[in-house]
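A.B. asks: Fold the following for me, if possible:
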Amino acid sequence: MSEDRTNEPNPAGDFLVNLHARVASGESAYGAVGSPAQVAKMAELDAKLGLARQLGEAPPAPEPWSVERAAKERLDQEFPAGELQPIHEDKVAAFSARFDQLDALDDFAKARRADAVAKEIADNPSPVTVQHAVAHRRATGAQPGGHTLVDLLLKAAEPAIRDAAEEPADTAEILKVLRLDRSALEYFAARGQRMTARAARAKELGVT
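C.D. replies: Residues are numbered from 1 along each chain as shown. As a prediction, the model looks like this:
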């Protein structure tokens, strides 16, 4: 198998792609679409471009239009950043150290800290918490308190925690201490919310 070099600059490959497009349009020196010279040149270029793609010297052919391609493009338009990239290892290490520190607290200290985080979230909401507060109010007609907001954020954060956890069993343990750190809670809630929204939209569009 040839080495894949499609990500490397290749003027010859780019020239072939551009020439192929010009000749295919019927606006080149080889004449209108269907003329003998244009048909002959297209056959030549199809063969040369096919070989260049096989060797990795030219970008792959565009995907043919289909419902699936249209759905993928719609998903990319709505979520231009695509799927979330893995959390950088330095940030993972920082979170891990922070969670270990919080988990080492005694039960009384954990309860006090959980109350403080809940109060802070209720008194000084961020854009992340406001979204959940508004959704809860619309669904129930009641303004959520701090602990309710924490529970909503934890539910939103769970997919992101599950994705980041080294072992499935770690998810529950991390969620227990996540309520003790507002910044980490809101970070993973926002991340999890986006993952959930993109996955739901992909399912709706039929994108696998």
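A.B. asks: Now the one residue sitting closest to the centre of the chain: closest residue in space that isn't a chain neighbour?
C.D. replies: A centroid search over the chain (CA atoms, centre = their mean) returns Glu83, at 1.6 Å, as the residue closest to the centre. Using CB to CB, 6 or more residues apart in numbering and skipping the chain neighbours, the partner closest in space to Glu83 is Arg198 (7.0 Å). For every residue, glycine as well, the C-beta is placed using N, CA and C.
A.B. asks: Surely the one you found is in contact with Phe79?
C.D. replies: Yes: the pair Arg198 and Phe79 passes the contact test of CB atoms under 8 Å, sitting 4.9 Å apart.
A.B. asks: can you pull the contacts of His147?
C.D. replies: Contact partners of His147, counting by CB atoms under 8 Å, 6 or more residues apart in numbering, are 114, 118.
A.B. asks: Which secondary structure element is home to Val177?
C.D. replies: Here Val177, judged by DSSP states H and E, is contained in helix 170-178.
A.B. asks: ditto for Glu63
C.D. replies: Going by DSSP H and E, Glu63 is not part of any helix or strand.
A.B. asks: From Ala169, how far off is it?
C.D. replies: In this structure, Glu63 and Ala169 are 40 Å apart, going by CB to CB, to the nearest Å.
A.B. asks: likewise Pro125?
C.D. replies: Pro125 is 32 Å from Ala169, by CB to CB.
A.B. asks: how about low-confidence regions in the chain?
C.D. replies: Low-confidence segments of the chain (pLDDT under 70): 1-9.
A.B. asks: quick one: buried residues of the longest helix along it?
C.D. replies: Scanning the chain for the helix with the most residues, using DSSP state H, yields helix 182-205. Residues of helix 182-205 classed as buried by neighbour count (16 or more other CB atoms under 10 Å): 182, 184-195, 198, 202, 205.
A.B. asks: Then stretch 10-30?
C.D. replies: 10, 13, 16-17, 19-20, 23, 28, 30.
A.B. asks: Put the alpha carbons of it into PDB.
C.D. replies: Only the C-alpha atoms of stretch 10-30 are listed here, as PDB (Å, rounded to 0.1, in the frame of the first residue of the first chain):
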ATOM      1  CA  ASN A  10       1.600  18.700  -3.900                       C
ATOM      2  CA  PRO A  11       1.500  21.300  -6.700                       C
ATOM      3  CA  ALA A  12       1.200  18.600  -9.400                       C
ATOM      4  CA  GLY A  13      -1.800  17.100  -7.700                       C
ATOM      5  CA  ASP A  14      -3.500  20.500  -7.300                       C
ATOM      6  CA  PHE A  15      -2.800  21.300 -10.900                       C
ATOM      7  CA  LEU A  16      -4.500  18.100 -12.000                       C
ATOM      8  CA  VAL A  17      -7.500  18.800  -9.800                       C
ATOM      9  CA  ASN A  18      -7.900  22.300 -11.100                       C
ATOM     10  CA  LEU A  19      -7.300  21.300 -14.800                       C
ATOM     11  CA  HIS A  20      -9.900  18.500 -14.400                       C
ATOM     12  CA  ALA A  21     -12.500  20.900 -13.100                       C
ATOM     13  CA  ARG A  22     -11.800  23.500 -15.900                       C
ATOM     14  CA  VAL A  23     -12.000  20.900 -18.700                       C
ATOM     15  CA  ALA A  24     -15.100  19.300 -17.100                       C
ATOM     16  CA  SER A  25     -16.900  22.700 -17.100                       C
ATOM     17  CA  GLY A  26     -16.400  23.000 -20.900                       C
ATOM     18  CA  GLU A  27     -14.700  26.400 -20.500                       C
ATOM     19  CA  SER A  28     -11.200  25.300 -21.300                       C
ATOM     20  CA  ALA A  29      -9.200  25.300 -24.600                       C
ATOM     21  CA  TYR A  30     -10.400  21.700 -25.200                       C
END
